[in-house]
Each structure stands twice: as structure tokens, then as C-alpha cells.
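Trainee: coords below, sequence missing:
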Ligand SMILES: [Zn+2]
């Protein structure tokens, strides 16, 4: 899943690394334009909770 650089707002950056821990997935990014690094963490369970949400 691509992300947008929080510093220079360059879109569509591919994750440089992916780590899973339980039901969470962390993606590490590095911007090719300004070299900014950041990590995005997502909950995989969000896709499985539709029954509870409804
Ligand atoms: Zn950037």
C-alpha cells in the first residue's frame, strides 16, 4: 500500500519494508525526493469487523 510523504507531499511512495505483528502491519517508508522516513501502522482486523460494525 502506497503512502504520501508527510514532508513534501509526494504521493504514491512504495513501502521500503513491511513488518507484521499480531493483527497489525507496519510499513516503513522513505521518500525518494526529500529522504524523509516514516512508519505507518495499520490494523488488519479492520477488514474483519464488518459483522460487528453492522
Ligand atoms: Zn518527501
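Mentor: Sure thing, it's come through. Given the structure is predicted, the values throughout are model-derived calculations rather than measurements. Residues are numbered from 1 along each chain as shown.
Trainee: got a list of what residue 41 touches?
Mentor: Residues in contact with residue 41, defined by C-beta atoms under 8 Å, 6 or more residues apart in numbering, are 24, 25, 26, 27. The way it works is simple: take the backbone N, C-alpha and C, and place the C-beta from them, glycine included.
Trainee: I'd like those residues as JSON lines, with neighbour count appended.
Mentor: Supplementary listing: the contacts of residue 41 in JSON lines, determined by neighbours: other C-beta atoms under 10 Å:
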{"residue": "24", "neighbour count": "12"}
{"residue": "25", "neighbour count": "16"}
{"residue": "26", "neighbour count": "14"}
{"residue": "27", "neighbour count": "19"}
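Trainee: just the ones in strands from those, please.
Mentor: Applying DSSP state E to the contacts of residue 41, the entries found in strands are 24, 25, 26, 27.
Trainee: ok so, going back, reformat the contacts of residue 41 as TSV; add pLDDT.
Mentor: As requested, these are exported to TSV (pLDDT from 0 to 100):
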residue	pLDDT
24	92
25	93
26	95
27	96
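Trainee: just the pLDDT at the residue most central in space within the chain, thanks.
Mentor: Using C-alpha atoms, centre = their mean, the residue of the chain that lies closest to the mean C-alpha position is residue 40, 3.8 Å off. The model reports residue 40 with a pLDDT of 95.
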